[in-house]
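Colleague: sequence first, then the predicted structure, then my questions.
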Amino acid sequence: MSMNLFLNRLLLALLLLAGLMQAMPAQARRKKTPEAALAPRLQAYYDRLDASRPSRSLRRAPLIGLSTASQSGSLTTPGSCGKAVIMAGGIPLPIAATDDPALIEAIVGRLDGLLLTGGEDVAPSYYGHEPHPQLGGVNDRRDDFELALFHKALERGIPIFGVCRGMQLINVAMGGTLVQDIPSERPSDIKHRNSPDLHDIDIMPHTRSAQVMGQARLRVNSSHHQCVRDVAPALKVTAYSPDGIPEMLEGYPRLRIMAAQYHPEVMAAEQNDSVMLRFFQFLVEESRR
Ligand code: MN
């Protein structure tokens with residue numbers, strides 16, 4: 001066969017093949033191989049993945065570590081804390097306790113902010129006092145872990161916020177002391193412990209707390225029987241209830257610390273209180289920087 005003839009036949013064969021492909025319905029062609037049959041389903045899968053991919057701003061949302069309690073083998077953290085962080089635009093991450101300093105450093109290295117949640121009484125040994133008869137349940141392992149977490153976070157300079165026990169722990173961590181039982185040590189008409197009633201707090205003017213909350217007076221919930229006694233150096237009490245109980249504190253002069261003795265997370269997350277949400281919005285905004 002001459003070269004010319006061969007090329008002619010080849011061309012003819014290619015044309016025939018092309019014609020055949022054209023004539024076949026698209027569906028039939030795709031079914032030729034198992035891979036081709038899978039293709040539409042794979043495409044739908046990738047489309048779904050694309051649709052659920054977080055936006056650029058969500059991928060950059062600050063990661064806020066939440067302290068946890070370990071009760072009967074389960075790791076627990078107040079759900080309203082997680083919800084309030086989400087509502088404020090952050091990503092909440094509950095952290096399991098550990099006593100490994102290298103691991104604590106690694107954990108803090110991944111966080112943009114830290115929220116110390118409510119829970120047990122801080123053991124008085126951490127501030128050099130004897131236990132009061134009305135001292136509630138303590139958890140040494142949690143105290144040790146959260147104090148270590150606090151100091152690493154302080155060292156790294158990420159924002160540290162606390163609610164209830166978290167406010168007390170911050171004060172102890174920086175050298176302050178606590179009233180171990182308000183009803184017996186600071187009796188008053190205001191019921192701070194497990195009260196269904198709200199009470200007032202007055203926020204001191206010209207403080208970051210007043211600026212963030214945007215109000216001089218707030219009605220807050222109350223579920224504590226301990227409070228700050230001697231405030232640590234480098235912290236400042238920025239709000240009091242009418243009977244003189246410290247209800248907010250912040251770093252002073254310049255630390256990225258803020259804490260509430262009440263539960264802004266419950267009011268923000270469960271009662272849609274936009275003023276209380278500001279506490280978490282400030283945490284998330286500070287954690288972006
Ligand atoms: Mn109170």
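Modeller: Here it is on my side, so go on. Numbers count the residues shown, from 1 in each chain.
Colleague: list the buried residues of the helix or strand where I64 lies.
Modeller: Element membership for I64, per DSSP states H and E: strand 63-67. For strand 63-67, burial by neighbour count (16 or more other Cβ atoms under 10 Å) applies to 64-67. All C-beta spots, glycine's among them, are computed from the backbone N, C-alpha and C.
Colleague: and if you look at stretch 232-252?
Modeller: 232, 235-241, 245-252.
Colleague: before we move on, what about stretch 63-79?
Modeller: Per 16+ other Cβ under 10 Å, stretch 63-79 contains these buried residues: 64-69, 77-78.
Colleague: which stretches in the stretch 51-200 of the chain count as helices?
Modeller: Using DSSP state H, counting those that start in this stretch, the helices of the stretch 51-200 of the chain run over residues 56-59, 79-87, 101-110, 140-156, 165-173, 182-185.
Colleague: sketch out the low-pLDDT regions of the stretch 51-200 of the chain for me.
Modeller: For the stretch 51-200 of the chain, not a single residue meets the criterion pLDDT under 70.
Colleague: for the ion, what are the nearby residues on it?
Modeller: H192 (Cβ under 5 Å from the ion).
Colleague: mind redoing it with 8 Å?
Modeller: Contact residues, the stretch 51-200 of the chain versus the ion (Cβ under 8 Å from the ion): 190, 192, 195, 199.
Colleague: dihedrals phi and psi, N221?
Modeller: When read as degrees, to the nearest 10, the backbone of N221 gives phi -80, psi 170.
Colleague: quick one, what contacts it?
Modeller: Counting by Cβ atoms under 8 Å, 6 or more residues apart in numbering, N221 touches 195, 198, 262-263, 266-267.
Colleague: show the buried residues in the residues you listed.
Modeller: Buried among those (16+ other Cβ under 10 Å): 262-263, 266-267.
Colleague: just the residues you listed that are near the ion?
Modeller: Y262.
Colleague: columns secondary structure and pLDDT on top of the buried ones among the contacts of N221, output as JSON lines?
Modeller: Below are those laid out as JSON lines (DSSP: H, G, I helix; E, B strand; the rest coil; pLDDT from 0 to 100):
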{"residue": "Y262", "secondary structure": "coil", "pLDDT": "98"}
{"residue": "H263", "secondary structure": "coil", "pLDDT": "98"}
{"residue": "V266", "secondary structure": "helix", "pLDDT": "97"}
{"residue": "M267", "secondary structure": "helix", "pLDDT": "97"}
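Colleague: name the nearest of the buried ones among the contacts of N221 relative to the ion.
Modeller: Y262 (5.8 Å; Cβ to the ion).
Colleague: and the closest one, what does it touch?
Modeller: Shown in contact with Y262 (Cβ under 8 Å, 6+ apart): 163-164, 201, 220-223, 247.
Colleague: is it possible to mark the buried ones in these?
Modeller: For the contacts of Y262, buried by 16+ other Cβ under 10 Å: 163-164, 201, 220-222, 247.
Colleague: which ones are touching T207?
Modeller: With Cβ under 8 Å, 6+ apart, T207 has these contacts: 236, 238, 250.
Colleague: same question but for P233, I mixed them up
Modeller: Contacts for P233 (Cβ under 8 Å, 6+ apart) come out as 174-175.
Colleague: confirm it sits in a strand?
Modeller: No - read with DSSP: H, G, I helix; E, B strand; the rest coil, P233 is coil and lies in no strand.
Colleague: on that earlier part again, let me know the closest of the buried residues of stretch 63-79 to the ion.
Modeller: P78 (16.9 Å).
Colleague: thinking the closest one is in contact with P94, fair?
Modeller: No - P78 is beyond contact range of P94, at 9.8 Å (criterion: Cβ atoms under 8 Å).
Colleague: most tightly packed of the helices of the stretch 51-200 of the chain?
Modeller: helix 165-173 (a mean of 26; mean count of other Cβ atoms under 10 Å).
Colleague: which elements pack onto that helix?
Modeller: In terms of contacts (3 or more Cβ pairs under 8 Å, 6 or more residues apart in numbering; DSSP states H and E), helix 165-173 is packed against strand 113-116, helix 140-156, strand 160-163, strand 178-179, strand 227-228, strand 246-251, strand 257-260.
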